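> Based on what follows, work out the 3D shape:
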Amino acid sequence: DMMLFMGLANLPDIDFLIGYIVAADVHAFHQGPTHSVLFAVIAGCMAALIWRRNLSWGLSATVFTLTILSHDLVDIFTGPMLGLHPSYGVPLLWPFYIERVVAPVTLLPSIQHDTLARFLSWHNAAAMLYEVAVFGLMAGLVFWRFSRRT
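Predicted coordinates for the structure are as follows:
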């Protein structure tokens, strides 16, 4: 199940593969329509048809859609420099509104992926450690809170 949710949370970045196949450029479609609510709903519903487990289809579709949308939420707060700098944003409401939804503050550093050397850089290693620390702390607080209830 963990692998399923990790895959769904990263599904919007399938646009890298689409760009590579369609245009021989991994960045051709990056942070486009696959980073929208419409994509998350369609993909979440399709995933629920395949991996429903013991839940109703509607609950599975909702959980899977929210998992996919978590990627967009992270991307909305990802930008060039931490702090009071606008984020890059995503076209969250595509195709109804094509402008990017941008946060006024950047909470997460961007991952550089324009070349293999930059992808394997110390900058990216530090950015990933930062994300692990931030989300690890958040997950730890959630688990701690729920463990106190039982």
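> how many other residues sit next to the residue lying closest to Ile76 once chain neighbours are set aside?
Distances taken as C-beta to C-beta, 6 or more residues apart in numbering place Ala103 nearest to Ile76, at 5.2 Å, with adjacent residues excluded. (Each C-beta comes from the backbone N, C-alpha and C, glycine too.) With neighbours defined by other C-beta atoms under 10 Å, the count for Ala103 comes to 18.
> Kindly report the same for Ser56.
So Ser56, with other C-beta under 10 Å, has 10 neighbours.
> And Asp15, by the same measure?
Neighbour tally, Asp15, other C-beta under 10 Å: 21.
> Okay, and it sits in which element?
Using DSSP states H and E, Asp15 sits within helix 14-23.
> Distance from the chain centre to whichever helix or strand comes after that helix, please.
Moving toward the C-terminus from helix 14-23, the next helix or strand (DSSP H and E) is helix 37-50. Distance of helix 37-50 from the chain centroid (C-alpha atoms, centre = their mean, to the nearest Å) equals 14 Å.
> ok so, going back, how big is the angle separating the helix holding Asp15 from helix 37-50?
On the basis of axes from the mean of the first three to the mean of the last three C-alpha atoms, to 10 degrees, helix 14-23 is oriented at 100 degrees to helix 37-50.
> hang on, isn't Pro36 packed against Gly89?
Check again: residue 36 is Ser, not Pro. No. Assessed by C-beta atoms under 8 Å, Ser36 is found out of contact with Gly89, at 11.9 Å.
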